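**Student:** fold the following and give me the result.
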Amino acid sequence: MLAGDERIPQNMGHIHAMAGSFNLFAGGNLLATSPGYGGRASRYENTLTIEGTDQRLHPRHEARITRLELADDHTYIAAEAGDCYPPEAGLAKWVRHVAWMLPDVLVIADDLVGNGSPASGKPTVWRMDVDPEANEVTVDGRRFRVSPRSEQGKAAMVGQILLPQTVTVTAEKVRPRGASWVMCEQVRATTPDVFGGAGRGHIVAVLEVLRDASADAGTVGLVEGPGVIGAVVSADDRSRAAVFVTDASEEAWAVTFTVTGRSELRCLVAGLPPEQVCTVELGQQAGRDGETVHTVRVRRGGETTTSAAGTLIVASAGGSAQ
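**Tutor:** Residues are numbered from 1 along each chain as shown. Below you'll find the model as predicted:
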C-alpha cells in the first residue's frame, strides 16, 4: 500500500481498527466478544476511544507487542498502540498491560501519556462488547456483571473499573449506522478528562470469571504506589495481585507499593527491566477489618533476577520472594 499498490486498499474492507482489543471465552461462554458485522471502527471494539478520537486504519501506524510471558500460573502481555491514533487524541504513548492470573482473573491496565497539547475536552471511553443474545449485562456503579441467559453450566463474569476516579460505567445496545438490528451490547467506562492536569492517565479494569454463574465475585482493590498501577482480588484466605510498573529505567530504579488483602498474597510484578538482578523486600502489618497490608519494595542489585519479560513473583508465605 505504501508503494502505491491499489489492489491492497481495495481488499482492506474487512480489516478492523482494533489495536489493544481482547476477547474472553470461559466455561462455555463467550463473555467478551468482537462486534457483529460492520463493526470495523475502533469505537465498536474492546479498546479505547481517547479524547473523543478513534484509531486510524493505515499501515504506517501500527501497534506492537513489547513483552510477552506465558507461565504456569499467569500470562503477561504489554503492547504499545499510541501510534494508531491521530494527533487530535493528544497522545504521546499508550501502553496496555494485560495480566491473566490463572484460572479466573484478568487485569487490564492502560497507561496513557499526553503529548502536552491542550486537551480536547472530549471523553475517553474504555469499551467491552457482549453478545446480547447469549448474555445479560447489569451495571451497579463501577461494577458490571455479564450473566448467561441460559445458566446451564456456563460461566459468568464480574468486572470492575478501579481507575480513573471520575469514570461512569454504562451498558448500551449498539447498532450499525442506519441499521435496525443490534450488533452487540457494549459496556462503556467513560471519563471526561483522562489526562488531568498531570498529562498522564490510567485506566484499571478487573474481570473475574465465575464458573458458577450464581457465585459471588471476590473483593477487588486498587494497588497503590508511585510509578505503579494494578489491582488485587481477594477471596477466602488469599489475595492475588497484578502490579504494572510504569516508570523503571535500566540504569537506576526502585519500586515501592502496598497491597491490602488477605494474609496470603501472590503478586505478579511486571514492567521491570528484563533479566535485572534486584532485591525484593516484603513487609506485613495488620490492617482494618482483619485485612493484611503488604508493603513490597523492589530495588536494583541483590540475589533475585527478573524474567526475560521483566516480571517477578512476590509471595507472602514466610515473607519470601520468588
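**Student:** where does the closest residue to Pro35 other than its chain neighbours land on pLDDT?
**Tutor:** Closest residue to Pro35 apart from its sequence neighbours, by CB to CB, 6 or more residues apart in numbering: Tyr44 at 4.0 Å. Using the backbone N, CA and C atoms, a C-beta is placed for each residue, glycine as well. Note on Tyr44: pLDDT of 94.
**Student:** for the stretch 151-300 of the chain, just list every one of the strands.
**Tutor:** For the stretch 151-300 of the chain, applying DSSP state E, counting those that start in this stretch gives strands covering 156-163, 168-174, 184-191, 200-210, 219-222, 228-235, 238-245, 254-261, 264-270, 277-286, 292-300.
**Student:** where are the low-confidence patches of the stretch 51-200 of the chain?
**Tutor:** Counting by pLDDT under 70, the stretch 51-200 of the chain contains low-confidence residues at 118-119, 151.
**Student:** can you give me the neighbour number for the residue nearest to Pro35?
**Tutor:** Other residues near Tyr44 come to 24 when the count uses other CB atoms under 10 Å.
**Student:** how far away is it from Glu291?
**Tutor:** With distances taken as CB to CB, to the nearest Å, Tyr44 is found 40 Å from Glu291.
**Student:** for the spatially closest residue to Met183 that is not a sequence neighbour, give me its contacts.
**Tutor:** Distances taken as CB to CB, 6+ apart put Gly36 closest to Met183, at 4.0 Å, once the chain neighbours are dropped. Residues in contact with Gly36 (CB atoms under 8 Å, 6 or more residues apart in numbering) are Pro176, Val182, Met183, Cys184.
**Student:** beta partners of the residue nearest to the last one when sequence neighbours are not counted?
**Tutor:** Taking CB to CB, 6+ apart as the measure, Cys184 lies nearest to Asp129, with 4.3 Å between them; neighbours along the chain are not counted. Assessed by DSSP bridges, Asp129 has beta-bridge partners Thr33, Gln186.
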